[in-house]
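Peer 1: 3D, please:
(chains A and B)
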Protein chains: 2
Amino acid sequence: MGLTYQTMEWLGTGLRLLDQRALPANLRYLEATTIDVLVDAINTLAVRGAPALGAIGAYGVVIAMDQGAQEGWDSERLEKEIDRVRDARPTAVNLAWGVDRVRPLMAQGRDAVLDEAHAVVREDEVANRAMGVRGADWLLARLGDRKLRLLTHCNTGTLATTGWGTALGVIRELAARDRIEVVYVDETRPLLQGARLTAWELFQDGIAHLVQSDGAATSTIMRGLVDAALIGADRVVANGDTANKIGSVGVALACADAGIPFLVVAPESSVDLDTAHGDDIQIEMRNGDEILNFAGQRTAPLESEGFNPAFDVTPARLVTAFVCESAVLEVSNGQTPGMKWGRES
Amino acid sequence: MGLTYQTMEWLGTGLRLLDQRALPANLRYLEATTIDVLVDAINTLAVRGAPALGAIGAYGVVIAMDQGAQEGWDSERLEKEIDRVRDARPTAVNLAWGVDRVRPLMAQGRDAVLDEAHAVVREDEVANRAMGVRGADWLLARLGDRKLRLLTHCNTGTLATTGWGTALGVIRELAARDRIEVVYVDETRPLLQGARLTAWELFQDGIAHLVQSDGAATSTIMRGLVDAALIGADRVVANGDTANKIGSVGVALACADAGIPFLVVAPESSVDLDTAHGDDIQIEMRNGDEILNFAGQRTAPLESEGFNPAFDVTPARLVTAFVCESAVLEVSNGQTPGMKWGRES
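Peer 2: The predicted model follows:
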């Protein structure tokens, strides 16, 4: 049921992106054939979501090579433009990961880079499907084979990836098994990725859901209305500390208080073993105007200033388990990404 | 500095209310001379805030008596109209408290009721000033005599009371002593009482503040940017469980995790000793459209539903201290409203 939509599609001369700023009112696309357009699309969140940004990073190198060939850039300029893509947003590790994955292939020519970018997309959806199955299996084993009441924050679906989703992929897998009673969707201020994007994806899939304010999440959990909460991740570091959309750590605290599972669902491309602790993650500070205005209307006094960190860090102690494509790591059993891959600090 | 504004003023023939729906863009007033207008003003949050609603309940009886005299209501109709005011919103105890305080005086005539309503207003501001001093003294004794970084949720200022404020009264008292570094203001979705009202009051007073999304509060606290958080209360029950604006309990959880004080500042008129536990507090469920729309624009898919509890309950174990007009009760010392007034269940 529902529409067919694709977060991104390579068109031969550039990348067609579903413009997520216009959802849910309008389903429209933009075409990125230059680095300026691509970086603007990243900065304004026309495309967002850590796994999606991994693919964007890879395709961005192709766009830079094509534009550079057309405009006669020297190699210094080319590298600088690629770095603009790599550094467009600081918190999600995937953007840099995607650029770095294809960069060594530039010497083999543009088509080798493009092939690798396509491979990133294929592997991402395979990883998402695997996480969906692992996460669903884990939840049903832990909570019993029954319909679950879940809570999620921000958007982690097809729109945040190249297909299917991470935390939302687990929810989709559970829905396919008829094991969803309802999904509480945090609206996710300031840009409402929950109300605009997650609710839209759940509606397309016919999955029962309720949109709530972010402030409601804690009491919904503490009142016993939720069996488990699931989020994605923009960066998981070696000790398991997890950067994700602002508001995530509040959900984690509530789950710990209520004694229900809090799962982080993220592909291994979101794991950054070079960073030991969450304190070392750079948190993107966005313009305070995102808080002070809405739909062109000023909501706060003109004289007020906004404080607008885009992400927060959930300490590993508050995570019940990490769901990756190759494993479910249970923190209470001492499993963290660093432990799993032999890089615990 | 700033404007002069009054939340409510008795005009002889009715109650002039500052229409809080229009702030901060417009400073406008409405005049309630009938029960229909008054109940609509309460329901649509033109006037809100537990202490303010106490006075509204008292004046509401006068308005009902005046309208009843004019329209020839019998006593049954009169009592029914008064009950409409009393029950207009269920969670704040003050509305019923205000009605019940003046009701016994009806036999003495309308002017006796009006005098008592005026007394409610006078006593509320005196109580607020006392809470401000007690709260400020307590915080400076606990945290050291220095400039503080505070966080508050929703609006508890002049606009939520008949003057000065509860939690915001403490902040004002600290500002008068030059002991405020900055106030983090949660925007307070869905109706933005923080961004629209608290920021407006702080700007009028020249107090430094930053408006943030509700989801940001947890990490702002856990990152060590806040020395203490203060909220008001719509109802404090005998064991200390506290109903307040949705999102409050998340702030309390974060303060507990970070080891910083979480204060509930509320007059004794907000204390309900007849209710033993927070589980017994009726939580007002408001229309889901408040979540799904903003400024006349639909933000979620048309097919989505909203989940919109207006309040949550903070368990007493998460409250560091209650600041009332007569005392500061420290929960860790076993002090709760029920203990203090000999009604612990």
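Peer 1: Quick one: neighbours of residue A:332, just the number.
Peer 2: Residue A:332 is flanked by 9 other residues according to other Cβ atoms under 10 Å in any protein chain shown. Heads up, the C-betas are built off the backbone N, CA and C, glycines and all.
Peer 1: wait, what's in contact with it?
Peer 2: Applying Cβ atoms under 8 Å, 6 or more residues apart in numbering or on different chains, one finds that residue A:332 lies in contact with residue A:320.
Peer 1: Pull the residues that contact the longest strand along chain A.
Peer 2: Longest among the strand segments of chain A by residue count, using DSSP state E, is strand A:180-186. Here strand A:180-186 makes contact (Cβ under 8 Å, 6+ apart) with A:147-154, A:171, A:174, A:194-195, A:198-199, A:202, A:207-214, A:216-217, A:220, A:225-226, A:247, A:251, B:215, B:304, B:307.
Peer 1: What subset of those is buried?
Peer 2: When neighbours are counted using 16 or more other Cβ atoms under 10 Å in any protein chain shown, the contacts of strand A:180-186 contain these buried positions: A:148-154, A:171, A:174, A:194-195, A:198-199, A:202, A:207, A:209-214, A:216-217, A:220, A:226, A:247, A:251, B:215, B:304, B:307.
Peer 1: among those residues, which are in helices?
Peer 2: Assignment to helices by DSSP state H places the following of these there: A:171, A:174, A:199, A:202, A:216-217, A:220, A:251.
Peer 1: Of the residues you listed, which is the nearest to chain B?
Peer 2: Using Cβ to the nearest Cβ, residue A:199 is the member of those that sits closest to chain B, with 4.3 Å.
Peer 1: Not counting its neighbours along the chain, what's nearest that closest one?
Peer 2: Once flanking residues are discounted, residue A:199 sits nearest to residue B:304: 4.3 Å by Cβ to Cβ, 6 or more residues apart in numbering or on different chains.
Peer 1: pLDDT value on the one you found, please?
Peer 2: Confidence per residue is given as pLDDT, and for residue B:304 that number is 97.
Peer 1: residues in contact with it?
Peer 2: Contact analysis of residue B:304 by Cβ under 8 Å, 6+ apart lists A:185, A:195, A:199, A:202-203, A:209-211, B:292.
Peer 1: hmm, try it at 10 Å
Peer 2: Listed by Cβ atoms under 10 Å, 6 or more residues apart in numbering or on different chains, the contact set of residue B:304 reads A:24, A:185, A:195-196, A:198-200, A:202-203, A:209-211, B:288, B:291-292, B:298.
Peer 1: domain ranges for chain A?
Peer 2: Under automatic domain parsing, the residue ranges defining each domain of chain A are A:8-122, A:144-340.
Peer 1: End to end on the longest one, go ahead and measure it.
Peer 2: In other words, domain A:144-340. Taking Cα to Cα, to the nearest Å, the first and last residues of domain A:144-340 lie 27 Å apart.
Peer 1: ok, and the closest non-adjacent residue to the residue positioned nearest the centre of chain A?
Peer 2: Geometric centre of chain A, nearest residue: residue A:49, 3.2 Å, by Cα atoms, centre = their mean. In space, and not counting its chain neighbours, residue A:49 is closest to residue A:160: 2.5 Å by Cβ to Cβ, 6+ apart.
Peer 1: need the residues of the stretch 1-150 of chain A near chain B, please.
Peer 2: Where the stretch 1-150 of chain A comes near chain B, counting by Cβ under 10 Å from any Cβ of the partner chain, the residues are A:23-25.
Peer 1: Which residue ranges of the stretch 201-345 of chain A form helices?
Peer 2: Using DSSP state H, counting those that start in this stretch, the helices found in the stretch 201-345 of chain A span residues A:216-222, A:248-258, A:289-292, A:337-340.
Peer 1: Could you save these as JSON lines and add columns showing distance to chain B?
Peer 2: Converted to JSON lines, these look like this (distance: least, Cβ to the nearest Cβ, whole Å):
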{"stretch": "helix A:216-222", "distance to chain B": "3"}
{"stretch": "helix A:248-258", "distance to chain B": "4"}
{"stretch": "helix A:289-292", "distance to chain B": "5"}
{"stretch": "helix A:337-340", "distance to chain B": "21"}
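Peer 1: a markdown table for those helices, including mean pLDDT and distance to residue A:328?
Peer 2: Converted to a markdown table, these look like this (pLDDT from 0 to 100; distance: least, Cβ to Cβ, whole Å):
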| stretch | mean pLDDT | distance to residue A:328 |
| --- | --- | --- |
| helix A:216-222 | 98 | 21 |
| helix A:248-258 | 98 | 16 |
| helix A:289-292 | 96 | 35 |
| helix A:337-340 | 84 | 10 |
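Peer 1: following the strand or helix carrying residue A:30, which helix or strand shows up next?
Peer 2: When elements are assigned from DSSP states H and E, residue A:30 belongs to strand A:29-32. Tracing the chain C-terminally past strand A:29-32 and defining elements by DSSP H and E, one meets helix A:35-43 next.
Peer 1: just checking, next helix/strand downstream of that following helix?
Peer 2: Next along the chain after helix A:35-43, taking DSSP H and E as the criterion, comes helix A:50-71.
Peer 1: follow-up on the earlier one: what's near enough to touch the residue nearest to residue A:49?
Peer 2: Residue A:160 makes contact with A:7, A:20, A:47-53, A:128, A:154, A:166-169, A:193, A:197-198, A:201, A:232, A:245 under the criterion Cβ under 10 Å, 6+ apart.
Peer 1: Recalculate using a threshold of 7 Å.
Peer 2: For residue A:160, the contact set (Cβ atoms under 7 Å, 6 or more residues apart in numbering or on different chains) comprises A:48-49, A:51-52, A:232.
Peer 1: again with residue A:290
Peer 2: Applying Cβ under 7 Å, 6+ apart, we find residue A:290 in contact with A:190-191, A:308.
Peer 1: 6 Å instead, please
Peer 2: If you count contacts by Cβ atoms under 6 Å, 6 or more residues apart in numbering or on different chains, residue A:290 has them with A:190, A:308.
Peer 1: rewinding a little: pick out whichever of the contacts of residue A:160 sits closest to chain B.
Peer 2: Using Cβ to the nearest Cβ, the shortest approach to chain B within those belongs to residue A:232, at 14.9 Å.
Peer 1: Sweet, I'm off.
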